[in-house]
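*Asks:* Structure for this input, please:
(one chain, ligands or ions: 1)
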Amino acid sequence: MPVRLGDTAPDFTAPTTQGEINFHEWLGDSWGVLFSHPKDFTPVCTTELGYVAKIKPEFDKRNVKVIGLSVDSVESHVQWEGDIGETQGTPVNFPMIGDPDRTVADLYDMIHPNASDTLTVRSVFVIGPDKKVKLTLTYPASTGRNFDEILRVIDSLQLTANYKVATPANWKDGDDVIIGGAVSDEDAKQLFPQGWTTVKPYLRVLPQPNK
Ligand code: BEZ
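*Replies:* Residues are numbered from 1 along each chain as shown. The predicted structure is shown next:
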């Protein structure tokens with residue numbers, strides 16, 4: 001079964017490079033990013049994990065825990081981490097789930113048989129503190145992901161969780177935002193006393209309210 005937006009993120013207990021974890025307990029009150037890569041000791045994956053390690057302080061700042069997965073063993077991950085640290089400049093500083101029997105991969109529908117019968121695709125799940133799935137992404141093995149984009153989406157998710165706004169195309173933290181469609185002008189006056197610009201009745205723009 002695919003995991004869809006708004007679903008409760010499936011819970012599991014699994015071995016990782018930082019010891020066994022129960023996923024929901026490990027998340028606690030944090031946001032989470034669970035991402036899979038196809039295979040250990042492969043080039044694109046090496047760059048992806050190195051980059052995530054480098055920008056981990058950005059995830060920490062946003063109260064987001066990051067965890068990786070492939071259908072390789074923890075022992076294999078640990079060996080590969082040496083190469084990642086050596087070649088990418090930052091040691092891997094987040095847990096990686098060993099899933100050789102595909103328990104977690106199957107739970108999250110990370111194996112797409114028309115892409116590969118055996119390898120996980122490049123899936124990303126962003127999970128909120130309520131354990132609900134807020135974002136899903138699926139990339140092919142040949143395309144490394146843009147983890148800056150994942151941080152950008154998390155900024156939008158965290159903003160829109162607290163304010164009745166939406167974020168426009170290519171929005172970045174600090175840019176103007178849009179008043180949510182379900183908010184009447186009357187309610188908007190209470191919510192946004194600083195005012196807004198009406199471009200069209202359905203397109204009302206204002207500065208990011210928490211800046
Ligand atoms: C890679 O990470 O480079 C890769 C992994 C599996 C298939 C193709 C590329």
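
*Asks:* Any idea what Val177 is bridged to?
*Replies:* Leu206 (DSSP bridges).

*Asks:* For stretch 195-206, list every residue counted as buried.
*Replies:* Trp196, Arg204, Leu206 (16 or more other Cβ atoms under 10 Å). Bear in mind the C-beta positions are built from the backbone N, C-alpha and C, glycine included.

*Asks:* all helices of this protein, in order?
*Replies:* Shown for the chain, the helices assigned by DSSP state H span residues 23-27, 43-54, 56-61, 74-88, 103-107, 147-162, 185-191.

*Asks:* Val126 is nearest to which of these?
*Replies:* Proximity to Val126 (Cβ to Cβ) singles out helix 147-162 among the helices of the chain, at 6.3 Å.

*Asks:* Ends of stretch 187-203, what's the gap?
*Replies:* One end of stretch 187-203 sits 15 Å from the other (Cα to Cα, to the nearest Å).

*Asks:* what comes into contact with that stretch?
*Replies:* Contact partners of stretch 187-203, identified using Cβ atoms under 8 Å, 6 or more residues apart in numbering, comprise Tyr163, Lys164, Ile178, Ile179, Gly181, Val183, Arg204, Val205, Leu206, Pro207, Pro209.

*Asks:* and with 6 Å instead?
*Replies:* Lys164, Ile179, Arg204, Val205, Leu206 (Cβ atoms under 6 Å, 6 or more residues apart in numbering).

*Asks:* My understanding was that Pro10 contacts Ala105; is that so?
*Replies:* No: applying Cβ atoms under 6 Å as the test, Pro10 and Ala105 come out as separate, 11.2 Å apart.
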